[in-house]
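Q: one predicted model, sequence on top.
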Amino acid sequence: TKMALAYSDYVVTEAGFGFDLGAEKFFDITSRAGEFAPEATVLVATARALKMHGGVKKKALGQSDPGAVARGLPNMEKHIENIRQFQVPVVVAVNRFPTDSQEELDVIVQRCKELDVPVAITDGYEKGGEGAVELAEKVVETVCHCQLPLKPMYEFDWTPERKIETIAKRMYGAEHVDYTADGKRDLKTVYKLGYDKLAVCMAKTPKSLSDNPALLGRPKDFVVTVRNIEFAPGAGFIVPITGDILRMPGLPKHPAFEHIDIDNDGVIHGLE
């Protein structure tokens, strides 16, 4: 990131799986370690995802349903709230799918206007760079305005319990954090090894704001359960593992690397 900043006027980094996961880590861990601060956040939304959070089954996502989009908006609104907690401006990019109806897109755009959030419909998949010009212009306009400094979610000298609880409550909307017997044992080890001042890199499902992938939309009155804590002192953080998840690498059953090879002449095959 620092090298990119040295060579470019604008640097874009992808911190995905939802703002509550990748971006929170980028803001609370990466940005502080690198001593730089994001000047804007692009929150990517789709009508399909919002319909899913509005109760539509996956096989029916291609059917127009503005009402379901509206029901799913609280999920997007929570992500916007989370971004603003860091005092970073937000721009919403609505990725258009061929099956999206104009009525569905209008629902999203209208809600962004009500929240005073810049929004752009993007057609990058179909039109390439031309389809993302409006988004780029709004991002440039946003970063050119004076803004407040990045406000981290927690301080490193807080206890691990307080850091974990702060993320769970403020980012996810949890009511409480619980620890399994293994989680409590690992927590004691954190203190024993002197890792209690490290950053916290939460491991959680990307399918829900909670640690339960079945809780869609903007869930409330839920408990986040820490079942284990792993240690990455060289990287500068501990990893509380919540719920029943499969961590990275997030690959399909047959990833592309199985078909990639290099011959004795240095020619790479399988990238087609």
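A: Looks like it came in fine. Numbering: from 1, shown residues only.

Q: show me where the stretch 1-150 of the chain has strands.
A: In the stretch 1-150 of the chain, the segments counted as strands under DSSP state E, counting those that start in this stretch are 41-45, 90-95, 119-122.

Q: closest one to residue 112 among those strands?
A: Residue 112 sits nearest to strand 119-122 of all those, at 3.8 Å, using C-beta to C-beta. In short, each C-beta sits where N, CA and C put it, glycine included.

Q: quick one, longest strand in the protein?
A: Taking DSSP state E as the criterion, the chain has its longest strand at strand 223-232.

Q: and the contacts of the helix or strand following that strand?
A: As assigned by DSSP states H and E, the chain's next helix or strand after strand 223-232 is strand 237-242. Outside strand 237-242, the residues that touch it by C-beta atoms under 8 Å, 6 or more residues apart in numbering are 29, 160, 164, 183, 190, 195, 198-204, 211, 224-232, 247.

Q: change it to 6 Å
A: 29, 164, 190, 195, 198-199, 201-204, 211, 224, 226-231 (C-beta atoms under 6 Å, 6 or more residues apart in numbering).

Q: what is the mean pLDDT for that strand?
A: Mean pLDDT, computed over strand 237-242, is 96.

Q: mind giving me the packing neighbours of the lowest-mean-pLDDT helix or strand in the chain?
A: Lowest by mean pLDDT, DSSP states H and E among the helices and strands of the chain is helix 124-127, with a mean of 88. Judged by 3 or more C-beta pairs under 6 Å, 6 or more residues apart in numbering; DSSP states H and E, helix 124-127 has no packing partners among the helices and strands.

Q: how far does that helix sit from the chain's center?
A: Its chain's C-alpha centre and that of helix 124-127 lie 23 Å apart, by C-alpha atoms, centre = their mean, to the nearest Å.

Q: just to revisit the earlier point, save the strands of the stretch 1-150 of the chain as a markdown table, and put in distance to residue 262 too.
A: Converted to a markdown table, the strands of the stretch 1-150 of the chain look like this (distance: least, C-beta to C-beta, whole Å):
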| stretch | distance to residue 262 |
| --- | --- |
| strand 41-45 | 34 |
| strand 90-95 | 35 |
| strand 119-122 | 36 |
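
Q: which one of those is the most hemmed in?
A: Sort the strands of the stretch 1-150 of the chain by mean neighbour count, taking mean count of other C-beta atoms under 10 Å, and strand 90-95 sits at the top with a mean of 22.

Q: and that one, how far from the chain's centre?
A: 13 Å.

Q: could you list the paired strands of it along with their orientation?
A: Sheet pairing of strand 90-95 (DSSP bridges) gives strand 41-45 (parallel), strand 119-122 (parallel).

Q: quick one: mean pLDDT over the first one.
A: Here strand 41-45 scores 96 as its mean pLDDT.
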